[in-house]
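Asks: Would you be able to build a 3D model of this:
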Amino acid sequence: MNNFKFYLKTVVCALFLFACGGKDAETEASPDISMEENPVNINDSDFSDDSNIERNMPAIVEDLWRDIKNLRAELDYQNENLSKLEAQSQVWANPFAIYNKEIVLNNGSSIFGKIVYQDQDVMKVETLIGQLIIERNTIIRVVNQVSAYGNLDQEPSDVSNSI
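Replies: Residues are numbered from 1 along each chain as shown. Predicted coordinates for the structure are as follows:
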């Protein structure tokens with residue numbers, strides 16, 4: 001069985017090689033024509049190319065306008081994406097842009113975020129890493145950072161010194 005597959009592959013390859021290699025070329029190869037020998041043919045082809053371009057000028061212009069419109073649309077899309085990325089990078093560079101409260105805890109840590117919910121026992125704060133639920137007895141003070149939006153050099157104002 002193995003020999004049969006081998007012989008079959010050999011016969012198919014041989015037929016393929018003889019079938020492709022045995023045909024005569026329909027056109028004969030000719031050497032390149034230099035410009036000195038036949039300048040008339042070259043000039044005639046230039047005139048025919050110019051007339052083809054003139055006849056197809058409206059279609060060419062229309063294609064170019066379509067390409068320009070596509071490129072403008074793509075440029076507008078990329079500009080929108082760039083502005084979105086810049087806005088997101090500003091949020092990461094300055095968390096005060098969205099989160100306007102600094103919550104100082106009794107263990108010395110500070111949490112920057114936006115207060116979503118609060119009652120007598122807990123406070124729910126939205127931060128860059130997610131939402132935190134903090135017990136109110138661990139909070140020392142809450143500092144309002146609204147004045148820090150425009151200028152980061154200003155001191156934050158205290159909303160309440162102790163809760």
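Asks: Domains in the chain, by residue range?
Replies: If you go by automatic domain parsing, the domain ranges for the chain are 41-91, 95-160.
Asks: want to try TSV for the ones you listed, with distance to residue 9 as columns?
Replies: Where you see a C-beta, it was placed from the backbone N, CA and C, and this is true even at glycine. Output for the domains of the chain, formatted as TSV (distance: least, Cβ to Cβ, whole Å):
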stretch	distance to residue 9
domain 41-91	49
domain 95-160	64
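Asks: right, and those - which one's nearest residue 1?
Replies: domain 41-91 (59.5 Å; Cβ to Cβ).
Asks: To residue 7, which of the domains of the chain lies closest?
Replies: That would be domain 41-91 among these, by Cβ to Cβ, at 54.3 Å.
Asks: So for the closest one, mean pLDDT?
Replies: Across domain 41-91, pLDDT averages out at 83.
Asks: Equivalent analysis for stretch 15-33, please.
Replies: 67.
Asks: what does stretch 132-142 give?
Replies: Stretch 132-142 comes out at a mean pLDDT of 94.
Asks: Can you show me the helices along the chain?
Replies: For the chain, the helices defined by DSSP state H cover 2-21, 39-55, 57-93.
Asks: Output these in a markdown table, with mean neighbour count appended to each entry.
Replies: Formatted as a markdown table, the helices of the chain follow (neighbours: other Cβ atoms under 10 Å):
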| stretch | mean neighbour count |
| --- | --- |
| helix 2-21 | 9 |
| helix 39-55 | 10 |
| helix 57-93 | 10 |
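Asks: could I get the ones you listed as JSON lines with distance to residue 125?
Replies: Formatted as JSON lines, these follow (distance: least, Cβ to Cβ, whole Å):
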{"stretch": "helix 2-21", "distance to residue 125": "74"}
{"stretch": "helix 39-55", "distance to residue 125": "69"}
{"stretch": "helix 57-93", "distance to residue 125": "16"}
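Asks: which stretch among the ones you listed comes nearest residue 141?
Replies: Of all the helices of the chain, helix 57-93 comes closest under Cβ to Cβ, at 24.7 Å.
Asks: So which elements touch the closest one?
Replies: If you count contacts as 3 or more Cβ pairs under 8 Å, 6 or more residues apart in numbering; DSSP states H and E, helix 57-93 packs onto no helix or strand.
Asks: if we can go back for a sec, so for residue 16, which of the domains of the chain sits nearest?
Replies: Closest among the domains of the chain, using Cβ to Cβ: domain 41-91, at 39.4 Å.
Asks: Please consider this matter closed, and thank you.
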